[in-house]
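S.K.: this one's sequence-less:
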């Protein structure tokens, strides 16, 4: 009973006690047809995540990208979606962190870092990531990118699993580049 | 057809149950297998998010299913109770008991097990192992930290000393090598290498360290050293005995350095850790990591175990609730059907049958109930048919009774029926008229009550007599100052099995008939008298005419003729005189003057006259010794006896027998005179008691008429019957 009450308290007050993870402003750059996204995930490296990584468990932060067509006075239309999974693993013997980044299941980068700051940077800073290709999309359409990060899961009342994630963050609207004349 | 459908449904039910049980068994086996395998699985697989979510959703589905099953049945029960469905209260109690019996233990067990599980998980991480592992890991890391610091310091010193060397000059290489060897020995390093950027320049190895070849440091390591001025690395690779701890030091390029400036010189110092120590450190670190992993996953681990346990609990709950509901239904459905059946049958619907299939005692009960209902229905049909037949029979009987009553009412004869209870059942109008009574005085009363007076009491006496006697009796009564003569016949009424159910008494008023008979008798008597008188008158007339003729002719034999004629005339006149005297005696027979007479003595005296009268004819008598004195006119009765005995003796040829008996029979005296003579033809018996009727061809023919007259004057009766084996019996009955 005490455990349940404690969990209830934890569940009720913990979210308010710690800062919520959030995604900073998304910067969109266009490289030809490719949409390059740059953003930072803030307040993600809390004690839970840090302890989990240090324990040597493979720990992932999953970024979900959605490309939407902006529509006025109506819901946006989702055009494409993409996933970036950043998995960190700590080798306690070698005392270094290996960070693998997979875009839609395809390994795009693998890094080894030896300190936490570098690790946090490797996991939370996304720079110039080509998330979508705008081939075939009309240039006059207004588009926007939505990003959400999933930081694993926790349990409510010691029983109910819940995904820890951020709110959807929207980029500024942009248009596909005009095709060369 | 219905039986077949029931059988199929029943069989389907069984299949469903068996299938469900098999599925549950399979599920439990799978869960058990998974639990067993789960021990061997890495923790991160057990606490995998996907697994957690799958378990959670399975549990949610199970909770919903259990709730659905329970709430659905609860709702149904409540609706049934609200609508007061027969048997719903019993069903509610039974289901509540079954479900409660399955729910409560399972929930209590779940609560206890959950608490135990949580407690156990908490205890795992609260044991002294945690600080020990933590301290061990800290020691191991401190050792590495120390070696790394030393290596960094040594690498820094070497980097500082080698700063003056021109690494690109070939003549400087030997000196560089010597200096590296000196530093390696001086700093007690296992490896000392020089790089320019990523480019290898020179390296020395401790020949006793066991390193056969220079391990190539990773570019990132060199890059970091070049960029930051220092870097450390630990290498554990095949071919390297133990752990090789590397530290790199460099003079980073100045911020404003030219892009094409030569890369900084990186000096790498390496210390090879003893393999045994390295292995121990590795195990220590790995053990600590494993512990940390478990600790980090404690909540997930607890959640996965709880979810798994909850799933098993819910499955058990679902199974037990379902089985409980099923069992309750197995009991309540037949009982409900029986209750409904009872209600329907009590409402008169005997065609209703309970359509419930059950193998157990309830099935037997249902079958018995249906059999009972069938019997009730058939019995009801029989009863209705019987009732219809009875009604018809009653109607017919009523018609017949009405007919009989009408017949009885219209009969000239009086008919009185007496029930076996001894009470008068019916008495028709003729009887009431004869007896001068009203119906209320007679019907429903006992004969002794209805006919309490002396005159009518004779009828009650007749009824008291033996019922086997079926001959008619003459009864004389003084009713309303008038003598009435009735012929009374009492007949027992027996049913088909011969049991006497009562008696019927038929009264025939003979008063007028007797008067008519008497008139006829007198006419006959006058005719016979005339005829008898004619017989002597003819010889008298002939004798007189002969005398007259003799006298006119002057016949000389007139004197003789006168003598003969007078003699004839006198003789015939005497005959006439005797005849007249006899008739006078018959006609002037006085009314009886009864006195108390010893009948036994009277019979003996009378018989005495006939002793040895006719040889070969034996005269006997049999008179009750204790015979009470009879209230009769002794002389007249004696005369009647003499007449009867005269006839008997005369009719009996030797050897023969004439006997007289006298008995008290109920309330009257019975005198029987029997002989073994010729007997009397049937056609003569009716006229036997008429005056001047004789079968002998001689005599006056008044003997039996006088006997009849005497007996009638005593209000008695006389009848003639054939004696067995031959002869005749005259029976005289006199009131006692």
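M.R.: Thanks, I have the structure now. On a predicted model such as this, the values are computed, not experimentally measured, just so you know.
S.K.: least trustworthy helix or strand in the chain by mean pLDDT?
M.R.: You didn't pick a chain, so chain A it is. Ranking every helix and strand in chain A by mean pLDDT, DSSP states H and E puts helix A:2-17 at the bottom, with a mean of 45.
S.K.: The intended chain is chain B.
M.R.: helix B:43-46 (a mean of 52).
S.K.: got a list of what residue 129 touches?
M.R.: I'll assume chain A. By C-beta atoms under 8 Å, 6 or more residues apart in numbering or on different chains, the contact set of residue A:129 is A:36, A:37, A:38, A:84, A:103. For glycine as for every other residue, the C-beta is placed from the backbone atoms N, C-alpha and C.
S.K.: my question was about chain B
M.R.: Contact partners of residue B:129, counting by C-beta under 8 Å, 6+ apart, are residue B:291.
S.K.: From residue B:291, how far off is it?
M.R.: 7 Å (C-beta to C-beta, to the nearest Å).
S.K.: Below-threshold pLDDT in the stretch 251-400 of chain B: ranges please.
M.R.: Across the stretch 251-400 of chain B, the ranges flagged by pLDDT under 70 are B:252-259.
S.K.: What's the nearest residue in it when you look at chain A?
M.R.: residue B:292 (3.7 Å; C-beta to the nearest C-beta).
S.K.: ok, that residue touching residue A:54?
M.R.: Yes. Using C-beta atoms under 8 Å, residue B:292 is in contact with residue A:54, at 6.6 Å.
S.K.: In terms of packing, which of these two has more residues around it?
M.R.: Per other C-beta atoms under 10 Å in any protein chain shown, whichever of residue B:292 and residue A:54 has more neighbours is residue B:292, with 22 against 18.
S.K.: Quick one: list the elements packing against the helix or strand hosting residue B:332.
M.R.: Using DSSP states H and E, residue B:332 sits in helix B:298-346. In this structure, helix B:298-346 makes packing contacts with strand A:143-156, strand A:160-165, helix B:2-40, helix B:43-46, helix B:49-82, helix B:88-124, helix B:361-410, judged by 3 or more C-beta pairs under 8 Å, 6 or more residues apart in numbering or on different chains; DSSP states H and E.
S.K.: Okay, angle between it and helix B:88-124 too, please.
M.R.: Put simply, helix B:298-346 runs at 170 degrees to helix B:88-124, going by axes from the mean of the first three to the mean of the last three C-alpha atoms, to 10 degrees.
S.K.: related to what we said a few turns ago, avg pLDDT for whatever helix or strand comes next after the least confident helix or strand of chain A?
M.R.: Using DSSP H and E, the helix or strand that follows helix A:2-17 towards the C-terminus is strand A:22-23. For strand A:22-23, mean pLDDT is 93.
S.K.: Which strands border strand A:22-23, and is each parallel or antiparallel?
M.R.: Applying DSSP bridges, strand A:22-23 is found paired with strand A:34-42 (antiparallel).
S.K.: and chain B, which of its residues are near chain A?
M.R.: Taking C-beta under 8 Å from any C-beta of the partner chain as the contact definition, chain B meets chain A at B:44, B:49, B:52-53, B:56, B:118, B:122, B:137, B:141, B:144, B:218, B:220, B:224, B:232-236, B:243, B:281-282, B:285-286, B:288-290, B:292-293, B:295-297, B:299-300, B:302-303, B:306-307, B:310.
S.K.: switch to 6 Å and redo it
M.R.: B:44, B:49, B:52-53, B:56, B:118, B:234, B:282, B:285, B:289, B:292-293, B:296, B:299, B:302-303, B:306 (C-beta under 6 Å from any C-beta of the partner chain).
S.K.: ok, the closest residue to chain A within the stretch 451-600 of chain B - how many residues close by?
M.R.: Nearest to chain A, among the residues of the stretch 451-600 of chain B, is residue B:497, at 90.4 Å (C-beta to the nearest C-beta). Residues within reach of residue B:497, counting by other C-beta under 10 Å, total 5.
S.K.: For residue B:417, see how far away it is.
M.R.: Residue B:497 sits 19 Å away from residue B:417 when distances are taken as C-beta to C-beta.
S.K.: Tell me which residues touch residue B:524, please.
M.R.: By C-beta atoms under 6 Å, 6 or more residues apart in numbering or on different chains, no residues touch residue B:524.
S.K.: Then the one 10 residues further on?
M.R.: In this structure, residue B:534 makes contact with no residue, judged by C-beta under 6 Å, 6+ apart.
S.K.: So it, which state does it fall into?
M.R.: Recorded secondary structure, residue B:534: helix (DSSP: H, G, I helix; E, B strand; the rest coil).
S.K.: repeat for residue B:487
M.R.: On the basis of three-state DSSP, residue B:487 is classed as strand.
S.K.: what about the closest residue to it other than its chain neighbours, which helix or strand?
M.R.: Nearest residue to residue B:487, sequence neighbours excluded (C-beta to C-beta, 6 or more residues apart in numbering or on different chains): residue B:508, at 4.1 Å. Using DSSP H and E, the element containing residue B:508 is strand B:500-509.
S.K.: what residues does that strand touch?
M.R.: Here strand B:500-509 makes contact (C-beta under 6 Å, 6+ apart) with B:413-420, B:431, B:434, B:486-495.
S.K.: so of those, which ones are in strands?
M.R.: Counting by DSSP state E, the contacts of strand B:500-509 place B:414-419, B:486-494 in strands.
S.K.: Can I have the buried ones of the residues you listed as a ChimeraX selection?
M.R.: Selection of buried members from those for ChimeraX, criterion 16 or more other C-beta atoms under 10 Å in any protein chain shown:
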select /B:414,415,416,417,418,486,487,488,489,490,492,493
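S.K.: for chain A, what are the low-confidence residue spans?
M.R.: Within chain A, the segments meeting pLDDT under 70 span A:1-19, A:180-181.
S.K.: Just the closest residue of it to chain B, please.
M.R.: residue A:55 (3.7 Å).
S.K.: Could you measure from that residue over to residue A:122?
M.R.: Distance from residue A:55 to residue A:122, by C-beta to C-beta: 18 Å.
S.K.: what's the offset of stretch B:383-392 from the middle of its chain?
M.R.: 24 Å (C-alpha atoms, centre = their mean, to the nearest Å).
S.K.: tell me which residues form a beta bridge with residue A:22?
M.R.: Beta-bridge partners for residue A:22, by DSSP bridges, are residue A:42.
S.K.: residues near it, how many?
M.R.: Residue A:22: 14 surrounding residues under other C-beta under 10 Å.
S.K.: Then residue A:177?
M.R.: 13.
S.K.: what's it in contact with, if anything?
M.R.: residue A:30.
S.K.: Tell me if it really is in a helix.
M.R.: No. Read with three-state DSSP, residue A:177 is coil and lies in no helix.
S.K.: Against residue B:493, how distant is the residue lying closest to residue B:495 once chain neighbours are set aside?
M.R.: Counting by C-beta to C-beta, 6+ apart, the nearest residue to residue B:495 once its immediate chain neighbours are dropped is residue B:501, at 5.4 Å. Counting by C-beta to C-beta, the separation of residue B:501 from residue B:493 is 5 Å.
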